[in-house]
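Peer 1: need a 3D model of the sequence below.
(one chain, ligands or ions: 1)
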Amino acid sequence: MGPDTRTESDPTDDEPREECGVFGAWAPGEDVAKLAYYGLYALQHRGQEAAGIAVSDGRRMVVFKDLGLVSQVFDEQTLSSLKGHIAIGHCRYSTTGSTTWENAQPTFRTTATGSGIALGHNGNLVNTAELRDEVAALVDEPASGRSHIRSSTDSDLVTELMAATAADIGVEEAAMRLLPRLRGAFSLVFGDEQTLYAARDRHGVRPLVLGRLERGWVVASETAALDIVGASMVREVEPGELLAIDADGMRSSRFAAPEPKGCVFEYVYLARPDTTIAGRSVHSTRVDIGKRLAHEHPVEADLVIPTPESGTPAAIGYAQQSGIPYGQGLVKNAYVGRTFIQPSQTIRQLGIRLKLNPLREVIRGKRLVVVDDSIVRGNTQRALVRMLREAGALEVHVRIASPPVRWPCFYGIDFATRAELVASGIDTEGVRRSIGADSLGYVSLEGLIAASEQPRTRLCSACFDGEYPIPLPEEARLGKHLLEPVPVDVSGAASGDPGPVSVGPGAALDRP
Ligand code: SF4
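Peer 2: As a prediction, the model looks like this:
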């Protein structure tokens, strides 16, 4: 899709929000800051609100981060000042906490011995309140000098808790003790001055892969990021596994027994089509979903068009299976990413057209099948159907390459609240009427799972069926702003004080 639906009037704010992208490199002799930059550039679709890179040269660690797209946050000069052989990169959409500079990642803490820990997190924890209480308890140990919750993210709490014990037992052991206590979804890339670490929750909800460079190692959210930095795929980081990479080589440890529950929505929308998950190409999966959709919901029509870009593979599959010609009926403005500029009233009224514009000569007089990846709130599909009719379509049949989204996600995707999900209270006929289509068909959950070629037992599909594989405490239902306002501040500084977020000794590259 892209365009499903925050508000119809703000086409830059209308999609299920990807969680985040993480990237790490351990590569002596390589320009790791640039590796991280291009890795994050490849993962930009996973988070467009903020970006950051931490680099260590073995003695000190420097963090640079800011709000904005990767290409807006970094320039040649900044990257060339980030020298070292370890990099930790992150691009962010906020699944916990607001869009503020303090909440950008990598998060950073110094331990009692003065070394640093930088951490990037993809996913969302469900025991954040519990972790917040643990961090608050550290306040009772002022000698530690670190007890200061600077941001409002679960990721920041993890960094704080790791730093609390790392001085005594080392980062690796601190991680081995902390990670089993984190509940929810986490693909983590973190490091100190000497070592790069990568860890994935025992359910492997979010992807994380390991790649090999000629002179080092890379970890990334998606295989597409490995391709783009010239790394070869080695394997996925296993659910429940901690990897440590340093001058002694790579070590693997298990911190929890694996119980895979990969996010099925990665196949539908989140991951890039050129990524591979569990050995299955995301593009091929989407084409297969389209074929199943055609089989499950056939219709007589003249032309199959996708809602670009994420509806494209499923539309190809629908056309192949149905025999109805495939065409491009909508042009996407490829340069609409997250913008922080509010549209003017005049622009706002154009709504969806900021993002999608119809090719009238293709559409006029046709019975259309429009294939989209998902419907969340329904506002965008409503605007789309209206726009296609205005452009001369005789009929508009909407086909959706996922089942109805009826439940919120607590593991790192920000859809909407249950009340805002158009399919949560009404049946398919009700949604069809709501968006004004001539017909509407969703692929079945069985069809989607079959297309992924993974056993159902290894997948999370909670947003479709309400069966949450990781139990949810009540707190998780409080949503992404659970930690706001900042609850603890032993330094007495104002809660908006970003604190000394960068560094190892002497570094001062952050710009608030
Ligand atoms: S609830 Fe949906 S989006 Fe969230 S992890 Fe599960 S399948 Fe993915």
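Peer 1: next to the ligand, which bits of this protein? Give me the list.
Peer 2: Listed as neighbours of the ligand in the chain under the rule Cβ under 6 Å from any ligand atom: 205, 263, 264, 265, 409, 411, 413, 460, 461, 462, 463. All C-beta spots, glycine's among them, are computed from the backbone N, C-alpha and C.
Peer 1: which one (most neighbours) among those?
Peer 2: residue 205 (30 neighbours; other Cβ atoms under 10 Å).
Peer 1: look at it and report its pLDDT.
Peer 2: Note for residue 205: predicted pLDDT of 97.
Peer 1: and stretch 173-184, how far apart are its ends?
Peer 2: Start-to-end span of stretch 173-184 (Cα to Cα, to the nearest Å) is 21 Å.
Peer 1: what does it contact?
Peer 2: Defining contact as Cβ atoms under 8 Å, 6 or more residues apart in numbering, one finds that stretch 173-184 is touched by 123-128, 131, 154, 158, 161-166, 169, 190, 197, 199, 201, 205, 242, 253, 255-256, 410-411, 470-471, 476.
Peer 1: which parts of it are buried?
Peer 2: 174, 175, 176, 178, 179, 182, 183, 184 (16 or more other Cβ atoms under 10 Å).
Peer 1: which strand or helix spans the first one?
Peer 2: Secondary-structure assignment from DSSP states H and E places residue 174 in helix 171-178.
Peer 1: work out the gap between that helix and the centre of the chain.
Peer 2: Per Cα atoms, centre = their mean, to the nearest Å, the displacement of helix 171-178 from the mean C-alpha position of its chain is 25 Å.
Peer 1: the next helix or strand after that helix pairs with which strands, and in what direction?
Peer 2: Using DSSP H and E, the helix or strand that follows helix 171-178 towards the C-terminus is strand 187-191. Paired with strand 187-191 in the same sheet, following DSSP bridges, are strand 116-122 (antiparallel), strand 196-200 (antiparallel).
Peer 1: okay, those, which one's buried deepest?
Peer 2: strand 116-122 (a mean of 30; mean count of other Cβ atoms under 10 Å).
Peer 1: ok so, going back, the contacts of stretch 173-184, buried ones only, as a ChimeraX selection?
Peer 2: Listed next is the ChimeraX selection for buried residues among the contacts of stretch 173-184, using 16+ other Cβ under 10 Å:
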select :123,124,125,126,127,128,131,154,158,161,162,163,164,165,166,190,197,199,201,205,242,255,256,410,411,470,476
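Peer 1: in helices, which of the contacts of stretch 173-184 appear?
Peer 2: Under the assignment DSSP state H, the contacts of stretch 173-184 contribute 128, 131, 154, 158, 161, 162, 163, 164, 165, 166, 169 to helices.
Peer 1: any chance of these in TSV, plus distance to residue 88 and pLDDT?
Peer 2: Formatted as TSV, these follow (distance: Cβ to Cβ, whole Å; pLDDT from 0 to 100):
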residue	distance to residue 88	pLDDT
128	22	88
131	21	90
154	17	89
158	14	95
161	18	94
162	13	95
163	15	94
164	19	92
165	20	92
166	15	94
169	21	95
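Peer 1: among those, which pair sits farthest apart?
Peer 2: Greatest spacing in the ones in helices among the contacts of stretch 173-184, by Cβ to Cβ: 128 and 169 (23.8 Å).
Peer 1: residue in the stretch 201-350 of the chain with the shortest distance to the ligand?
Peer 2: The minimum distance from the stretch 201-350 of the chain to the ligand, using Cβ to the nearest ligand atom, falls at residue 263 (3.2 Å).
Peer 1: how close does that residue sit to residue 231?
Peer 2: For residue 263, the distance to residue 231 equals 23 Å [Cβ to Cβ, to the nearest Å].
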